[in-house]
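Colleague: take a look and give me a structure for this.
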Amino acid sequence: DPENGYVFTDTRPGGLSVGLEPHGNFLGPALGTSFQRLPTPPAQSVDALILPLTSQVISGYRLVNGVEEAANTLEALTPVPRYLLPLRNGELDAEGVLAESLQKEGGVQDFLRLQGERPKLSSVELLDVTPGHPLQIRSQRNVKMPAAS
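Modeller: Numbers count the residues shown, from 1 in each chain. Prediction:
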């Protein structure tokens, strides 16, 4: 399985932690959602996940995971991340020899439907991401500030 997952953490008080995996395979030790590889998940948590919601398959080989894997990843994390930022990987024009073999499945509407069926996903806010436009996310963590002296 392709895996290229990262967690970016702003270590300042109230800073966000954002997970990114462009293939939709949060399977490794960074977040520990692979119950096949790790006995227990580590204490890592994220406020937001950047994942694809459109799966892409070429000649039967899944290049990119989609809605079901994104939902499973969100549910496997404790606490469940507050935000999901979908990659727009399904919005492409493919040309060439393999273009006819490329199949796309799923998307934002499929995630919203699944979210309505799975209670653990009800707190996840799906953010509309537009490439090239800034997006501001605020942490929901309770931050204890040191007392003024």
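Colleague: any regions of this structure where pLDDT drops low?
Modeller: Within the chain, the stretches with pLDDT under 70 are 1-3, 26-44, 90, 139-149.
Colleague: return the distance of Val129 relative to Ser17.
Modeller: Distance of Val129 to Ser17, given as C-beta to C-beta, to the nearest Å: 18 Å. All C-beta spots, glycine's among them, are computed from the backbone N, C-alpha and C.
Colleague: who has more neighbours out of these two?
Modeller: Ser17 (17 against 13; other C-beta atoms under 10 Å).
Colleague: roughly how far apart are the more buried one and Gln109?
Modeller: 28 Å.
Colleague: now Asn65
Modeller: Distance from Asn65 to Gln109, by C-beta to C-beta: 17 Å.
Colleague: neighbour count winner among those two?
Modeller: Between Asn65 and Gln109, counted using other C-beta under 10 Å, the more crowded position is Asn65 (26 against 10).
Colleague: look up phi and psi at that one.
Modeller: phi -80, psi 170 (degrees, to the nearest 10).
Colleague: what is the burial count for the nearest residue to it once chain neighbours are set aside?
Modeller: With C-beta to C-beta, 6 or more residues apart in numbering as the criterion, Asn65 has its nearest non-adjacent residue at 3.1 Å, and that residue is Gly24. Residues lying near Gly24 (other C-beta under 10 Å) number 31.
Colleague: check Val80 too.
Modeller: Val80: 18 neighbours (other C-beta under 10 Å).
Colleague: figure out how far stretch 78-87 is from the centre of its chain.
Modeller: How far stretch 78-87 lies from its chain's middle: 6 Å, per C-alpha atoms, centre = their mean, to the nearest Å.
Colleague: which residues of this protein fall in helices?
Modeller: Counting by DSSP state H, the chain has helices at residues 67-76, 108-117.
Colleague: most tightly packed of these?
Modeller: helix 67-76 (a mean of 21; mean count of other C-beta atoms under 10 Å).
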